[in-house]
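Participant: Have a look at this fold, sequence not included:
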């Protein structure tokens, strides 16, 4: 693999800079930051059960590394019996598993937090659902032969840079506890939506940890190290942790909190009086969605929405509700979801210094004309 | 005066219903509620130093009463020497005073509070600046001869209705402490922006209490009563009070808290890289604005904006700041103002049950293209 950067579309940049879309009308994503490239799924694309690849949100910490699939090797080292170097072909020769899963960036909806924490100013579009194909991580770890002493698996990407507060260049690196690494749904992924995983999504190979915030699904996965002690690297202990005012302990981010979005209508819409379908998605890393409720007057009452289609693990739930809108004027539409563990979205987000895991109830403001 | 209702434009409604604008593109105000009529100043009109009358926000508690200026009388009763009935002509024969003043609805920006309190879902446009003309209230009170025992003056409008939780129809009614009533800038107003005060703004006659939230400036002013005991009516003690969680006491709303708005650019704008003027307004009921600061990256640093034009009492302060926008991507522009009493806007609004006085720092989200 090479350290050169490529354009988000996968074409190698002559200038060495990652070019971002010129405007949201023309392009598939809503630009959040050009360098490194970070961009959201546009609202209309969140209406699809499965997000088209061109509309899947992109989160990068460093320039996108140019990785040749032909020359790619995944190295597995550390407290194991058999160090491995697996080419993409070798991985693809193993039994494949295809899984639909929703990924959400831990910083999704950071701009909904007040005061606004540091970090990329994500709106509500740092969430997407894809059909991922790859091999079970556990199969590869079984080949490698983990020592009894292993407590965590460390995953390093081919992307590198120097985060604020760090002295030297480091790769993006994140560890999983042993049990999550051995979960049969934790995958090494090489396809997205039926095609080779694009560079901006971590191609040729990424980790996929369903139900967890996206930082766990390490992109451009270059090395796995079996660890006998917990990893304390930057992205494990300084970043992607919940630091709350008045609490000394940093809580590492893991599962996605229960959350929901209204995807139609959009804020600012003017609608005629009459019946309108309000629709959207809801998801949770803590079990499937069992209830979605809608309020059209801000303060309630809450009315149950219809869940659309069969529930599937790791995947957002579409829902809809028919609104009989009779009163002209402004209406504040709100949605809240509840998951199988009984978690319900809060009215107010739990503020934290780094601005993660905002799952507060969303409001969409529309006008009914007369 | 008559109890019939009129259209916001001042034409008497054949149907008896107040007709509201059909859409925000066609009309001068942004509809919040059709009945009773409540509508905001659109963002573009907030860029004017003085708000054109057609764009001045409208707050009504009940249907707009149809009041004939020719038949109008203001009655002054209670603990006074000389009960008075003053026609509009009599009032206009008294020495007139013209004053520019900013009025803000106490519920302005209620939709920025989470959880969303009950009440009209006002955005940021329930604020306007007008040139008001009328007579000093103190002149009329001096004619009436207040008894020594008077502690408050009660103001009743010709508008009537039955608020939630009240058994009978009542007029909108609100009292002022004696010292505020005698302030030389508290006016009985019959003109707005050089023309007769329109019906939707309280014409033919309203009270104007500069520096206080709009609820004090009673519209369609029909009766003033000199009170020897504090008024405890609905709009004085049940509504327009700050009720905070964990606090038993209701704090009556009075002065407008220090606040500022970015009026250009608008949220959602896409701008080319380069220099852009960020501009807006700031105001406070507690003294003139002495400092406005801008942050373009959400978390700061805060940079001082230039105050435009001379400061004037009771009137918002225009400001501007030149932004050299070089980094493509999303930017969160924030503004905060400080008044002469040293009050500065908070990051997070002080939540209260009825959703008043939200003066939290505003964010405007824009994209710099590449």
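Facilitator: That came through, no problem. Keep in mind that what you see is a predicted model, and the values were worked out from it rather than measured. Numbers count the residues shown, from 1 in each chain, chains lettered A, B, ... in the order given.

Participant: any idea which residue sits dead centre in chain A?
Facilitator: Centroid check for chain A by Cα atoms, centre = their mean gives residue A:104 as the closest residue, at 2.6 Å.

Participant: Spit out the contact partners of that residue.
Facilitator: A:126-127, A:213-214, A:256, A:259, A:283 (Cβ atoms under 8 Å, 6 or more residues apart in numbering or on different chains). Where you see a C-beta, it was placed from the backbone N, CA and C, and this is true even at glycine.

Participant: one more time with 6 Å
Facilitator: A:127, A:256 (Cβ atoms under 6 Å, 6 or more residues apart in numbering or on different chains).

Participant: again with residue A:324
Facilitator: Residue A:324 neighbours (Cβ under 6 Å, 6+ apart): residue A:275.

Participant: Run through the bridge partners of it.
Facilitator: For residue A:324, the beta-bridge partners are residue A:275 (DSSP bridges).

Participant: Same question for residue A:241.
Facilitator: Under the criterion used (DSSP bridges), residue A:241 bridges to residue A:252.

Participant: got it, and residue A:101?
Facilitator: residue A:130.

Participant: what pLDDT does it get?
Facilitator: Listed pLDDT for residue A:101 reads 98.

Participant: wait, doesn't it sit right on residue A:209?
Facilitator: No. Look at residue A:101 against residue A:209 with Cβ atoms under 6 Å: they stay out of range, at 9.0 Å.

Participant: Show me which of those two is the more surrounded one.
Facilitator: residue A:209 (28 against 23; other Cβ atoms under 10 Å in any protein chain shown).

Participant: Would you mind measuring from the closest residue in space to the more buried one that isn't next to it in sequence to chain B?
Facilitator: In space, residue A:209 comes closest to residue A:216 once its chain neighbours are excluded; the distance is 4.0 Å by Cβ to Cβ, 6 or more residues apart in numbering or on different chains. With distances taken as Cβ to the nearest Cβ, to the nearest Å, residue A:216 is found 24 Å from chain B.

Participant: swap in residue A:119?
Facilitator: 9 Å.

Participant: For the stretch 251-370 of chain A, which segments count as strands?
Facilitator: A:251-252, A:259-264, A:270-271, A:274-283, A:289-295, A:303-304, A:306-308, A:317-325, A:329-339, A:362-368 (DSSP state E, counting those that start in this stretch).

Participant: Which of those sits closest to residue B:166?
Facilitator: For residue B:166, the closest of those is strand A:329-339, at 22.2 Å, according to Cβ to Cβ.

Participant: Count the residues that sit near the closest residue to residue A:186 other than its chain neighbours.
Facilitator: Excluding the flanking residues, the one nearest residue A:186 by Cβ to Cβ, 6+ apart is residue A:137, at 4.7 Å. Around residue A:137 sit 26 other residues, with neighbours defined as other Cβ under 10 Å.

Participant: cool, residue A:275 as well?
Facilitator: Using other Cβ under 10 Å, residue A:275 has 9 other residues around it.

Participant: same check, this time on residue A:346
Facilitator: Neighbours around residue A:346, by other Cβ under 10 Å: 16.
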